[in-house]
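J.: Take this sequence and fold it.
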Amino acid sequence: MSVVSAVSFMRPLHMRSPGPRGRRHTLPASEFRSLSPEDAISVFEIEREAFISVSGECPLHLDEVRHFLTLCPELSLGWFEEGRLVAFIIGSLWDQERLTTDALTLHKPHGTTVHIHVLAVHRTFRQQGKGSILMWRYLQYLRCLPYIRRAVLMCEDFLVPFYQKSGFKVQGPSDITVGPLTFIEMLYPVRGHAFMRRNSGC
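T.: Below you'll find the predicted structure:
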């Protein structure tokens, strides 16, 4: 099945009524869509504010954001409100059981694992459950892609409970370190949700 057939999960939650003659004069109140390289600066501004203040490091630098949004935009998801990016996820494909340092910068087109590089929410929209909602929609979308078997990510210890609530399981300490930072690797089995796939409109 093609990526295009999975767009049901990317449709807006709500669309305002179009103006006369079918022309829309207002932006969707809330919309989910894949990101493009044109979104890179907005993505990086949110990411930088979210991560620099906490850990001092960004998961992706601006050139890396552009890199992944060029190579695999279909593995990203942005949440827009009134046309403004408020939260996003960026992923790429990986082809090994565990993440290595190469996974931080490479996209493996024939891989069956989605490496989730980053999830971030704009500071004015935090503490509203948007991160959890966005992750749920992203995982629903991945279930519609027949070549995806699982999703993996690495996070700091304090974020483990957040991802566990979304269904991720702890795999153990990651082999990757960034300066003094250490991480936990987590996995979500996308394959094996056959019942949900059959009943999701994919």
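J.: how many neighbours does the nearest residue to residue 166 once chain neighbours are set aside have?
T.: Nearest non-adjacent residue to residue 166, counting by CB to CB, 6 or more residues apart in numbering: residue 135, 4.7 Å away. In short, each C-beta sits where N, CA and C put it, glycine included. Neighbour count of residue 135, defined by other CB atoms under 10 Å: 24.
J.: my guess is residue 135 contacts residue 118, does it?
T.: No - the criterion here is CB atoms under 8 Å, and residue 135 misses it with residue 118 at 11.7 Å.
J.: Now the common contact residues for the two.
T.: residue 89 (CB atoms under 8 Å, 6 or more residues apart in numbering).
J.: and residue 41, that's in a helix?
T.: Yes - counting by DSSP: H, G, I helix; E, B strand; the rest coil, residue 41 is found in a helix.
J.: and it, what does it touch?
T.: So residue 41 contacts residue 62 (CB under 8 Å, 6+ apart).
J.: let's have the chain start at 222 instead
T.: Okay, residue one is now 222; in that scheme the one you just asked about reads as residue 262.
J.: helix/strand/coil for residue 314?
T.: strand.
J.: List the contacts of stretch 372-381.
T.: 276, 312, 315, 320, 334-338, 360, 363, 384, 389, 391-392, 395, 397, 402-409, 411.
J.: re earlier: can you name the helix or strand that the residue nearest to residue 387 falls in?
T.: helix 351-364 (DSSP states H and E).
J.: Mind listing what's buried along that helix?
T.: Judged by neighbour count (16 or more other CB atoms under 10 Å), helix 351-364 contains these buried residues: 351-352, 355-356, 358-364.
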